[in-house]
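*Asks:* I would like the atomic coordinates for the input below:
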Amino acid sequence: MQHSHPIQDLAPALPVPVSPGGVPLESDENALGTLLVDLSPQLQYADGQLVLTDRRLLARQPGADASPAAWTSWQLDEPAAGRLQLRHSDHGGVGTLALHNDRGRLAFWRFTLAQNVYALRLVNLFEMQQARRLVAGSTSEDHSSNDDPALCPSCKAPLPPDSEDCPVCSREVQAVPSTWVLLRLWRFARPYRKQLAAGFALTLASTAATLVPPYLAIPLMDDILIPFQNGQQIDPMHVALYLGGLLLAAVLAWGLGWARTYLLALVSERIGADLRTATFEHLLQLSLDYFGGKRTGDLMARIGSETDRICVFLSLHALDFATDVLMIVMTAVILFSINPWLAVVTLLPLPFIGWMIHTVRDRLRTGFEKIDRVWSEVTNVLADTIPGIRVVKAFAQEGREAQRFKAANQSNLQVNDRLNKTWSLFTPTVSLLTEIGLLVVWAFGIWQVSKHEITVGVLTAFIAYIGRFYGRLDSMSRIVSVTQKAAAGAKRIFDILDHVSNVPEPATPVPLAQPQGGIELAGIGFRYGNRSVIRGLQLEIRPGEMIGLVGHSGSGKSTLVNLICRFYDVTDGAIKVDGIDIRRYGVADYRRHIGLVLQEPFLFFGTIAENIAYGQPKASRSDIVAAARAAHAHEFILRLPQGYDSLVGERGQGLSGGERQRISIARALLIDPRILILDEATSSVDTETEKEIQNALDNLVQGRTTIAIAHRLSTLRKADRLVVMDRGQIVEVGPHDELMARRGAYWRLHEAQARQAATDGWVAHSGPIEVPPSATAAGASSHSELPA
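*Replies:* Numbers count the residues shown, from 1 in each chain. Okay, the predicted model is just below:
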């Protein structure tokens, strides 16, 4: 999904400034933005260019020269051909921009996805310019209005004169949520179909019971009250019979209504709970690639507020809707059985109300999805700010974060205001139509009574039934809003449930009971989009061997570790453990044998013991203590107020960085992994803490296949082999002494950091190290193999 920005923010962000000398611009023509297209129509690399001005779109095809004759242009306001549209798409790592008018496609250009973000921005600029020209053309024809065109509150693009929908922001709606998406909830309702059937039967019975009193009003009026006015005596037995029937119907309707509401509320709560659980479980199965493109606040809002909204709809409004439909159908049948002509008059407002519901429904549905997206921005600000409150306060940015929240909240307010304007007009209009319908029935009924075609009792019963009939119509019209809210929420939930993980489970997984820990990288490659990160890696790691990964930042070390953990799947080649492709193992079964110690350890809110036992929830207290002792964490844990039962706070904020790291090491020790990954495990602690962590790591690596990403000497001093990486490839492999003797890439890294250490005033230790980015200037010859 692309995001819209103000035009003043977009133009400077485009890749290359327009050069008037190279682009055939007219003297009073202003260039707004440009895009380099780097693929020919035959998908060969070649340079071309698109330029958007305030009146034209100009293009130079890839491979053409830069002369003015090589440029083609299209006027933005060409009435004969219809309004121009610039459409974006991408497939298989290739992006496409196509220019269309009412007659069809005029031209197209292809580019690699490295230019994709700039292409999206150019499309936004193009649509903004089209919207401005549309508004300008409309205002020039209407001389009676001198008001400035309204601007979209989100992207500041002009709004069309006959619409409140921004032509730029509306592109974000990839698929309009349909009310039919609610039918997909049946998969969660199916286990409760017996209870739902019972609830429907109770609804039918309770609705029928509520229709009895108006029918009993006919004999009460015609046989009791009107004869009494004419001088006849009232029969107490008849009165008691009719009043008893009214009381019985009321009590029966109450009892059936209570049973129905309670039963269906229980079912809807369970459907909502199952929906939340299924969504969260599916979310946990998705790859890291999915989470990289999502905001935490948005996902929390989907699983939390969206499922709550659906649950409320199912427990209250869906039940009301079913009751309303039954009431309307059954009332219509009774009305026609009493007097067909009066019934026809009663139904006159129905087509108008149906037309209004159909007209407003689409606006409400789209509007509520916009509200959901805007509200997720509010929760995103909260999800960013609250966990990072220490950074906010450290940099005195409270005012800035408050302004971010205020802006997101204001955007939410504006979207709600636009929707409320539609809704506030719709509901009173329906009420007005029902009141007019009631007046028509009164007039027609009085005329029929005057002609002696119906009795007063019949008219009284009709008026009572009509009150129920129109009341249910009004209720159904109000449910439209809630239904569209639920449809928008269901769509956002199923967006998660429909997403397929990039790390799939094998159809027939190979069991992995006691792995030896041998790892083979068989010509593996990996790509992020169109960018190659790992290329042709070939390496064999023996069981129990310790490998150190060194290289500049961005050389592919962390990516390689992520691939071995199977957070991502390789795009080329295979990673084998004990001779079997890891994609043939069950994901959870494979990862259960991997211990991971990160540079920034993550601790959950809970006790020390719970965090150590996270990988083995059923571990005994003695096993937890033994793991803490081996991780050199036992002593500082005992100094805490409640020892192992002390709460660590959210993300371990109650502990120091070194203490969190040792808890992380104890957590890895407790699961007794065969493969151990150390990702910069000591890079963010002081020297004294590093010694304690290194002692813990010495216990951790014994007898395990270990892959350590290096930052300091102490991490890799006992590595069996060092693997030097650069630009996603292995350039050297060997022990520290052997690599130093070669005086190659590793030697240059070592010497560069040694000189940097001397410059900084501290003595470099002897042994394998990783050069920091600041030290990459040492040795011009090193740039050929390991550029910074």
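
*Asks:* make sure I have this right: Leu676 is in a helix.
*Replies:* No. Looking at Leu676 with DSSP: H, G, I helix; E, B strand; the rest coil, it is strand, so not inside a helix.

*Asks:* for it, list the residues it contacts.
*Replies:* 594-595, 597, 668, 700-701, 704-707 (C-beta atoms under 8 Å, 6 or more residues apart in numbering). Using the backbone N, CA and C atoms, a C-beta is placed for each residue, glycine as well.

*Asks:* so which of those belong to helices?
*Replies:* 668, 700-701 (DSSP state H).

*Asks:* which one of those residues is nearest Pro428?
*Replies:* Using C-beta to C-beta, Ala668 is the member of the ones in helices among the contacts of Leu676 that sits closest to Pro428, with 64.5 Å.

*Asks:* for Asp645, see how far away the closest one is.
*Replies:* From Ala668 over to Asp645 the distance is 21 Å, taken as C-beta to C-beta, to the nearest Å.

*Asks:* with neighbour numbers in mind, choose between these two.
*Replies:* More crowded of Ala668 and Asp645, by other C-beta atoms under 10 Å: Ala668, with 26 against 13.

*Asks:* can you give me the helices for the stretch 1-150 of the chain?
*Replies:* 7-10, 116-141 (DSSP state H, counting those that start in this stretch).

*Asks:* lowest average pLDDT across the ones you listed?
*Replies:* Out of those, helix 7-10 stands lowest, with a mean of 32 (criterion: mean pLDDT).

*Asks:* for the nearest residue to Asn30 once chain neighbours are set aside, what are its contacts?
*Replies:* Distance criterion C-beta to C-beta, 6 or more residues apart in numbering; nearest residue to Asn30, sequence neighbours excluded, is Asp54 at 4.8 Å. Counting by C-beta under 8 Å, 6+ apart, Asp54 makes contact with 29-30, 32, 129.

*Asks:* go on, Ile463?
*Replies:* Residues near Ile463 by C-beta under 8 Å, 6+ apart: 438, 441-442, 445.

*Asks:* mean confidence for whichever strand or helix holds Thr483?
*Replies:* For Thr483, the enclosing helix or strand under DSSP states H and E is helix 456-497. The average pLDDT for helix 456-497 rounds to 76.

*Asks:* what do you get for stretch 536-551?
*Replies:* pLDDT averaged over stretch 536-551 gives 88.

*Asks:* begin at 39 from here
*Replies:* From this message on, residue numbering opens at 39, which makes the last subject stretch 574-589.

*Asks:* first to last residue in stretch 348-367, what's the distance?
*Replies:* In stretch 348-367, first residue to last residue: 26 Å (C-alpha to C-alpha, to the nearest Å).

*Asks:* just stretch 85-96 next, same as before
*Replies:* End-to-end for stretch 85-96, by C-alpha to C-alpha: 15 Å.

*Asks:* check stretch 67-85 too.
*Replies:* 24 Å.

*Asks:* could you give me the average pLDDT of it?
*Replies:* 80.

*Asks:* repeat for stretch 611-625
*Replies:* Across stretch 611-625, the per-residue pLDDT values average to 89.

*Asks:* in it, what counts as buried?
*Replies:* Judged by neighbour count using 16 or more other C-beta atoms under 10 Å, the buried positions of stretch 611-625 are 611-616, 619-623, 625.

*Asks:* kindly check the end-to-end length of it for me.
*Replies:* 18 Å.

*Asks:* mind listing what Ala239 touches?
*Replies:* With C-beta under 8 Å, 6+ apart, Ala239 has no contacts at all.

*Asks:* so which strand or helix has it?
*Replies:* Assigned by DSSP H and E, Ala239 falls in helix 231-248.

*Asks:* C-terminal to that helix, what's the next element?
*Replies:* Of the helices and strands lying after helix 231-248 in sequence (DSSP H and E), the nearest is helix 250-257.

*Asks:* can you give me the strands in the stretch 489-638 of the chain?
*Replies:* Applying DSSP state E, counting those that start in this stretch to the stretch 489-638 of the chain gives strands spanning 557-566, 569-579, 584-588, 610-615, 618-619, 632-635.

*Asks:* can you tell me what sits against the shortest one?
*Replies:* When contacts are taken as C-beta under 8 Å, 6+ apart, the neighbours of strand 618-619 outside the stretch itself are 548, 612-613.

*Asks:* which one of the residues you listed is nearest to Gly310?
*Replies:* Distances from Gly310 to the contacts of strand 618-619, taken by C-beta to C-beta, are shortest for Val548, at 38.1 Å.

*Asks:* dump the residue contacts of the closest residue to that closest one other than its chain neighbours.
*Replies:* Take Val548 and drop its neighbours on the chain: the residue closest to it by C-beta to C-beta, 6+ apart is Arg622, 4.7 Å away. By C-beta under 8 Å, 6+ apart, the contact set of Arg622 is 544, 547-548.

*Asks:* lowest pLDDT pick from those?
*Replies:* Least confident entry in those, by pLDDT: Pro544, with 82.

*Asks:* list the contacts for Glu648?
*Replies:* Phe642.

*Asks:* mind checking which helix or strand it is in?
*Replies:* Per DSSP H and E: Glu648 is located in helix 646-650.

*Asks:* please tell me how far Gln323 sits from Thr245.
*Replies:* 43 Å.

*Asks:* higher neighbour count, those two?
*Replies:* Neighbours were tallied for Gln323 and for Thr245 using other C-beta under 10 Å; the higher tally belongs to Thr245 (25 against 16).

*Asks:* skipping adjacent residues, who's closest to that one in space?
*Replies:* Leu364 (4.5 Å).

*Asks:* residues of the helix or strand containing the one you found that come out buried?
*Replies:* Leu364 belongs to helix 356-376 when assigned by DSSP H and E. Residues of helix 356-376 classed as buried by neighbour count (16+ other C-beta under 10 Å): 356-362, 364-366, 368-370, 372-373, 376.

*Asks:* state the next helix or strand along the chain beyond that helix.
*Replies:* Next element after helix 356-376 (DSSP H and E): helix 378-384.

*Asks:* so what secondary structure elements neighbour that following helix?
*Replies:* helix 356-376, helix 436-488, helix 494-535 (3 or more C-beta pairs under 8 Å, 6 or more residues apart in numbering; DSSP states H and E).

*Asks:* was I right about Arg98 contacting Ala104?
*Replies:* Yes. Here Arg98 lies in contact with Ala104, judged by C-beta atoms under 8 Å, at a distance of 7.1 Å.

*Asks:* more neighbours, these two?
*Replies:* Neighbour count, other C-beta under 10 Å: between Arg98 and Ala104, Arg98 has more, with 23 against 13.

*Asks:* contacts only, for the more buried one.
*Replies:* 86-87, 104, 108-110.

*Asks:* quick check on those residues: which are buried?
*Replies:* Buried members of the contacts of Arg98, scored by 16+ other C-beta under 10 Å, are 86-87, 109.

*Asks:* need those in CSV with distance to Leu74, can you?
*Replies:* Formatted as CSV, the buried ones among the contacts of Arg98 follow (distance: C-beta to C-beta, whole Å):
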residue, distance to Leu74
Gly86, 7
Gln87, 6
Trp109, 15
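
*Asks:* mind putting the contacts of strand 618-619 in CSV, distance to Ala790 included?
*Replies:* Compiled in CSV, the contacts of strand 618-619 are given as follows (distance: C-beta to C-beta, whole Å):
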residue, distance to Ala790
Val548, 44
Ala612, 35
Ile613, 31
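
*Asks:* just these now: which is nearest Asp260?
*Replies:* Val548 (83.5 Å).

*Asks:* hmm, the closest one is touching Tyr628, no?
*Replies:* No. Here Val548 does not reach Tyr628: they are 9.5 Å apart, not a contact under C-beta under 8 Å.
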